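Asker: need a structure here:
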Amino acid sequence: MAAEPGVDGGTEAGWALRPMRATDLDAVMAIEVRAYPFPWTRGIFDDCLRAAYPAWLLNVDGHIAGYGVLSIAAGEAHVLNVCVDPELQGRGHGRRLFRALVDIARKLGAQRVFLEVRPSNPAAVALYHAEGFNEIGRRPRYYPTHNGREDAIVMARELFDDA
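Answerer: Model prediction:
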């Protein structure tokens, strides 16, 4: 697991951020399968943990509310997965978690952050735009759907020392 880069845990507000562990995967998978029609497998999460990708949990009032996984190399971070329990969405937890992931990427040396998002997820697209991300391209037929494949919007944000 990557060293904790000093993220503000916010425990005074009833939330905290902590590294994901293998023992968390049952709870993570329960959220993942509720949140996505095509969820990651447990094996993907296992692989990310074994590779020491920064993987973090957002706890709210002592319960796992969401999680995020990054990869960081050569000054670039890639948001691989960010998810909030569907029962807890719409309360600002996704924004809190996403901001924390970007801050972790910065503290671990990333100069820019990339992500993919489904065009059919306008709430996520709006969040990423609001957090300073811009569309830089498309990946054709990137995501599975029930009727075939859906493009991905590729977004990026430069990180600056003064941000």
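
Asker: G66 - how many residues pack around it?
Answerer: 25 (other Cβ atoms under 10 Å). Just so you know, the C-beta spots here come from the backbone N, C-alpha and C atoms, and that holds for glycine as well.

Asker: what about it, which helix or strand?
Answerer: In this structure, G66 sits in strand 63-73 according to DSSP states H and E.

Asker: need the single longest helix in the protein, by residues.
Answerer: Longest helix in the chain by number of residues (criterion: DSSP state H): helix 93-107.

Asker: between that one and strand 63-73, how big is the angle?
Answerer: Put simply, helix 93-107 runs at 30 degrees to strand 63-73, going by axes from the mean of the first three to the mean of the last three Cα atoms, to 10 degrees.

Asker: would you mark the buried spots in helix 93-107?
Answerer: Using 16 or more other Cβ atoms under 10 Å as the test for burial, helix 93-107 gives H93, G94, R96, L97, F98, A100, L101, V102, D103, I104, A105, R106.

Asker: and if you look at stretch 68-88?
Answerer: By neighbour count on 16+ other Cβ under 10 Å, the buried set for stretch 68-88 is 68-72, 76-85, 88.

Asker: isn't M20 up against G66?
Answerer: No - contact criterion Cβ atoms under 8 Å: M20 and G66 do not qualify, at 10.8 Å.

Asker: give me the common contacts of those two.
Answerer: L57 (Cβ atoms under 8 Å, 6 or more residues apart in numbering).

Asker: quick one on the thing from earlier: the strand holding G66 pairs with which strands, and in what direction?
Answerer: Sheet pairing here is set by DSSP bridges, and for strand 63-73 it gives strand 55-60 (antiparallel), strand 76-84 (antiparallel).

Asker: I136 is nearest to which of those?
Answerer: strand 76-84 (12.6 Å; Cβ to Cβ).
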